[in-house]
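Trainee: Build me a model from this:
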Amino acid sequence: MRSVSQGCVNIKYLVIGMLENNVYIVSDEKATFVVDPTAKAESIIEALEGKKLDAIVLTHHHYDHMGAAFALREATGAPVIASEIDAPHIEEAALAKKDTRKNTPCPVDKKIADGDTVQIGNMAWKAIGTPGHTPGSVCFYLDPKDGQHKEKAPVLLSGDTLFCGTIGRTDFEGGSMTQMRASLKKLAQLPDNTVVLPGHNNTTTIGAERIRVFAQHA
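Mentor: Numbering: from 1, shown residues only. Model (predicted):
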């Protein structure tokens, strides 16, 4: 279990699966949720350390970000939250044309759109539609005023849109570099000290990626 101390909420994460996905466990004083459960639902539940799971948040529909969503929902009763655009792929576990891996279909209990607010406990996460990696990719942004630690930094759950030093692939089915550039322009408007929690590899900040990523893809 790893932890991120800079953000305005409590953040821990596991690195799970053959693609080494970051599975985040985010908590405030009132609620706890899991982001992109790739696999090993039992390990994720153990990492909750007895906390009630209040939600399962999916940033997009790819198999390595939702592989354990159904099992986790069944075991905990936590609702699944995902974009209304990617929801059909999650609920039907649709395969990409060149992908032989099949997930267990998982109901999406709350379908969201760009600009929606996702309230979990005392946290009000803003949904930012960021197509490019998938048509329904979505990032989630928390302002410090809506977090437990108001003196600390904003937090962005970036899925496979923005990584440390690079961006998500756009050559999968449904991907678009044109849309990705537009999505990056949205994220570039966030404060430099925003802690970025990507779906893979190291955490970063908006300020760091302003130099390494945003300028390159402007």
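Trainee: List the buried residues for stretch 109-125?
Mentor: For stretch 109-125, the neighbour count (16 or more other C-beta atoms under 10 Å) marks 111-112, 114, 116, 118, 120-121, 123, 125 as buried. In short, each C-beta sits where N, CA and C put it, glycine included.
Trainee: For that stretch, which outside residues touch it?
Mentor: Under the contact criterion C-beta atoms under 8 Å, 6 or more residues apart in numbering, stretch 109-125 has outside partners 9, 26-33, 54-55, 57, 79-84, 87, 126-129, 138, 140-143, 146-148, 157.
Trainee: switch to 7 Å and redo it
Mentor: 9, 28-31, 33, 54-55, 79-84, 87, 126-129, 138, 140-142, 146-148 (C-beta atoms under 7 Å, 6 or more residues apart in numbering).
Trainee: Now intersect the residues you listed with the helices, please.
Mentor: Secondary structure from DSSP state H places Ala87 of the contacts of stretch 109-125 in helices.
Trainee: If any of the contacts of stretch 109-125 are buried, put those into a PyMOL selection.
Mentor: Buried members of the contacts of stretch 109-125, defined by 16+ other C-beta under 10 Å, are picked up in PyMOL with:
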select buried, resi 9+28+31+33+54+55+79+80+81+82+83+84+87+126+127+128+129+138+140+141+142+146+147+148
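Trainee: quick revisit: widest-spaced pair of the buried residues of stretch 109-125?
Mentor: Asp114 and Gly121 (22.5 Å; C-beta to C-beta).
Trainee: Can you get me the start-to-end distance on stretch 14-32?
Mentor: Stretch 14-32 has its terminal residues 15 Å apart, counting by C-alpha to C-alpha, to the nearest Å.
Trainee: which parts of it are buried?
Mentor: Those would be 14, 16-17, 21-28, 31-32, for stretch 14-32 by 16+ other C-beta under 10 Å.
Trainee: I appreciate the help and will end here.
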